[in-house]
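Novice: Need the 3D shape of this:
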Amino acid sequence: MTILGLHHITLVCGNAQRTVDFYSGVLGLRLIKQTVNFDAPDTYHLYFGDEVGSPGTAVTFFEWPDAPQGRTGLGGTHHFALTVETYDGLLKWKRRLTDLGLRVSGPLDRYYFTSLYFRDPDGAIVEIATRGPGMAIDEEPDKLGMAHRPPPPELTLHNRDQARIAALTWPEPVPVITADMSLQHGMHHISVIGADIQRTDAFYSELLGMQRVKMTSNFDDPDSAHWYWGVDGGRPGTLVTYFERPGDRPAIIGRGQTHHFALAVADEETQLAWRERLLRAGVAVTPVRDRVYFRSIYTRDPDGHIVEIATVGPGFTVDEEPSTLGTALKLPPWLEEHRRFIERGLTPLQVPAWRTPVEAEP
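Specialist: A predicted model of the protein is given here:
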């Protein structure tokens, strides 16, 4: 009965087409499912990911055009990170994004990885982080997360050298996404804001059985805690991190803010065992919900953030061939009789042809 890692993250957007243009057209993620919010079927629910939307690669959006602007804060996500393999790939992303008119921060050395930050069209903070060097750079693998590891002082000074950082970019324009830039590896981590890091640790380490892999400080605010939980020694794609900010206002779910994120489990039997464990611990949890592509239960972290536990299967090819994923509106069987009514309320999407990243020229 183990958590396998991240499954997906779901955010709120204001315009579905604009979101497709950005996450597919700019970032190169594949739109792997056009469907609706099963609990509010008059709105889109879009899924982006790798070629088949493997668990840990899925970034999904509810289209709520009338929603207020979201706000980070207690019980909300601060940002989510996508994985790139190499530092050169990271620099290429900086050049590609800045040439497209986006404001990009970084590259910043986070010691365990190096990353860029920018915002999507609705204001959500998106990070692109390198896979390594990893959590074991300053601790033995069998002692991860057992002692506080403050950021090296020279690193803090390094990240404050704005002129040097601004000059770091790829020397040539990057008109296409090359293989070393691919974001098909999925998420690197999700970072959340909480009020009490010890209480959060009890939720992830003791209740959910995840490994605490790092106790450090916020590199941009060294007086506040930043802890990491994950699987397999903090493998990218399994990491949930929290900033401790007890004085923050509560988050507001809205455009540019996360609605929930999901952790992956192997199957429905394991999911039911988790549900019973949560109930025995006195933690509120929903009944199992059929999401067609997976089964879900929902709970909340100690600060109120919605956390889903989702099965890895049956997957997104259950109602589409791999070659045609994301090209047509798919509805769950219980909504098919309402298809004509639902389609009248949705603006048809123009979906760019999905292409795998190209090999860089030697």
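
Novice: ok, Lys214 - contacts?
Specialist: Residues near Lys214 by Cβ atoms under 8 Å, 6 or more residues apart in numbering: 112, 135, 139, 144-145, 149, 226-228, 234, 241. The way it works is simple: take the backbone N, C-alpha and C, and place the C-beta from them, glycine included.

Novice: If we use 7 Å, what do you get?
Specialist: Residues counted as contacts of Lys214 (Cβ atoms under 7 Å, 6 or more residues apart in numbering) are 135, 144-145, 149, 227-228, 234.

Novice: Check Val351 too.
Specialist: Contacts of Val351 by Cβ under 7 Å, 6+ apart are 20, 31, 326-327.

Novice: Now render the contacts of Lys214 as JSON lines, adding distance to Asp290 and pLDDT.
Specialist: Below are those laid out as JSON lines (distance: Cβ to Cβ, whole Å; pLDDT from 0 to 100):
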{"residue": "Met135", "distance to Asp290": "36", "pLDDT": "97"}
{"residue": "Leu144", "distance to Asp290": "37", "pLDDT": "98"}
{"residue": "Gly145", "distance to Asp290": "36", "pLDDT": "98"}
{"residue": "Arg149", "distance to Asp290": "43", "pLDDT": "96"}
{"residue": "Trp227", "distance to Asp290": "34", "pLDDT": "98"}
{"residue": "Tyr228", "distance to Asp290": "32", "pLDDT": "98"}
{"residue": "Gly234", "distance to Asp290": "32", "pLDDT": "97"}
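
Novice: From Asp109, how far off is Val59?
Specialist: 25 Å (Cβ to Cβ, to the nearest Å).

Novice: Before we move on, what's the pLDDT of Ala16?
Specialist: Reading off the confidence values, Ala16 has pLDDT 98.

Novice: ok, now Glu361?
Specialist: 50.

Novice: Distance from the chain centre to the helix or strand where Gly106 lies, please.
Specialist: Assigned by DSSP states H and E, Gly106 belongs to strand 105-109. For strand 105-109, the gap between its own C-alpha mean and the chain's C-alpha mean amounts to 19 Å (Cα atoms, centre = their mean, to the nearest Å).

Novice: What pairs with that strand, parallel or antiparallel?
Specialist: strand 114-119 (antiparallel) (DSSP bridges).

Novice: what sits up against the partner strand?
Specialist: 81, 87, 90, 93-94, 97, 102-108, 125-130.

Novice: quick one: which of Val59 and Asp109 has more around it?
Specialist: More neighbours surround Val59 than the other of Val59 and Asp109, with 25 against 19 (other Cβ atoms under 10 Å).

Novice: hang on, the more buried one in a strand?
Specialist: Yes - per DSSP: H, G, I helix; E, B strand; the rest coil, Val59 lies within a strand segment.

Novice: That one - nearest residue in space that isn't next to it in sequence?
Specialist: Closest residue to Val59 in three dimensions, ignoring its sequence neighbours and counting by Cβ to Cβ, 6 or more residues apart in numbering: Phe48, at 4.9 Å.

Novice: which residues touch that neighbour?
Specialist: Contacts of Phe48 were listed using Cβ under 7 Å, 6+ apart, and they are 23-24, 29-32, 59.

Novice: quick one: pLDDT of it?
Specialist: Per-residue pLDDT puts Phe48 at 98.

Novice: try Phe219
Specialist: Predicted confidence (pLDDT) for Phe219: 89.

Novice: Ignoring the adjacent residues along the chain, who's closest to it?
Specialist: Phe219 sits nearest to Pro151 (Cβ to Cβ, 6+ apart), 4.9 Å away.

Novice: thinking Ile193 is in contact with Arg71, fair?
Specialist: No - using Cβ atoms under 7 Å, Ile193 makes no contact with Arg71, being 10.7 Å away.

Novice: More neighbours: which of the two?
Specialist: Ile193 (22 against 16).

Novice: quick one: the closest residue in space to Tyr111 that isn't next to it in sequence from Arg110, how far?
Specialist: Leaving out its chain neighbours, the residue that sits closest to Tyr111 by Cβ to Cβ, 6+ apart is Leu155, at 6.0 Å. Using Cβ to Cβ, one obtains 8 Å as the distance from Leu155 to Arg110.

Novice: try Val240
Specialist: Counting by Cβ to Cβ - Val240 and Arg110 are separated by 16 Å.

Novice: Name the residue in the two with the higher neighbour count.
Specialist: Val240 (25 against 20).

Novice: OK, contacts around the more buried one?
Specialist: Contact analysis of Val240 by Cβ under 7 Å, 6+ apart lists 189-190, 192, 204, 229.

Novice: For those residues, give me CSV that also has distance to Cys13.
Specialist: Formatted as CSV, the contacts of Val240 follow (distance: Cβ to Cβ, whole Å):
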residue, distance to Cys13
His189, 21
Ile190, 17
Val192, 19
Tyr204, 28
Trp229, 27
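
Novice: List the buried residues for stretch 61-80?
Specialist: 61-64, 67, 70-80 (16 or more other Cβ atoms under 10 Å).

Novice: hey, where'd the strands end up in the stretch 51-200 of the chain?
Specialist: Ranges of strands in the stretch 51-200 of the chain, per DSSP state E, counting those that start in this stretch, are 58-63, 77-84, 105-109, 114-119, 125-130, 187-194.

Novice: Those into TSV, with extra columns for distance to Arg212 and mean pLDDT?
Specialist: Output for the strands of the stretch 51-200 of the chain, formatted as TSV (distance: least, Cβ to Cβ, whole Å; pLDDT from 0 to 100):
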stretch	distance to Arg212	mean pLDDT
strand 58-63	25	98
strand 77-84	19	98
strand 105-109	23	96
strand 114-119	21	98
strand 125-130	19	98
strand 187-194	14	98
